[in-house]
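>>> I would like to see how this sequence folds:
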Amino acid sequence: MIERVIVIEQRLASIGVALAIGVIMVVFLFASSLFFTTSSSTPAVAVAIEIVVVGCLSFVLFLFWRVIVRVVETPEGRALEVLYGPGGFVRQTFEHGELEEAYARDFSFAQMGGWGYRGSLRLLRQAALVTRRGEALELILRGKRRFIVTVNEPEEFVEALQLSN
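This next block holds a predicted model:
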């Protein structure tokens, strides 16, 4: 396997997203505990649903605890990687041949739909990884798809990708 060389890397300030998910989990647990203490019997299905929901929220919290965005040099050209979770447990890669254009833009929360991962590149043809409002890297991908990720100094990422706009 050919080693990828990191050109530029940035750890996103994703503590706000992690806190929001944590608050949702606490509220869910509090609300479900109130429901279960007021009912005369606790159905096994309700307990199973609670375990699944808390497990899913914990997994998402684990993924958003650490998010890294980086441009890497590959034999085909420069690519953008987004690593989620410790050690890049989940990795999203945009290879050089998939990238058409890159822009540095300023977005509001309303334009991006709030914190977290929004959209779907497969179904909606656009997605955004939002950890705050403001400066973001916007990628136009092959097939008229669009990906936005909030980063500090998006101009540096645009330059590092070396795409002809």
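
>>> List the residues that contact Glu81.
Glu81 is in contact with 4, 68-72, 88, 91-94, counting by C-beta atoms under 8 Å, 6 or more residues apart in numbering. All C-beta atoms are positioned from the backbone trio N, CA, C, and that covers glycine.

>>> lowest-pLDDT helix or strand in this structure?
Ranked by mean pLDDT, DSSP states H and E, the weakest helix or strand in the chain is helix 15-38, scoring a mean of 73.

>>> hang on, the earlier thing: quick one: buried ones out of the contacts of Glu81?
Using 16 or more other C-beta atoms under 10 Å as the burial test, the contacts of Glu81 include 4, 68-72, 92, 94 as buried.

>>> What is the three-state secondary structure of the residue nearest to Arg4 when sequence neighbours are not counted?
Nearest non-adjacent residue to Arg4, counting by C-beta to C-beta, 6 or more residues apart in numbering: Val72, 4.1 Å away. What DSSP: H, G, I helix; E, B strand; the rest coil gives for Val72 is strand.

>>> Any idea what Val72 is bridged to?
Residues in a beta bridge with Val72, per DSSP bridges, are Ile6, Ala79.

>>> so how far is Leu124 from it?
When C-beta to C-beta, to the nearest Å is applied, the distance between Val72 and Leu124 equals 26 Å.

>>> right, and the residue nearest to Arg4 touches Leu83 too?
No - using C-beta atoms under 8 Å as the test, Val72 is too far from Leu83 to be in contact (10.6 Å).
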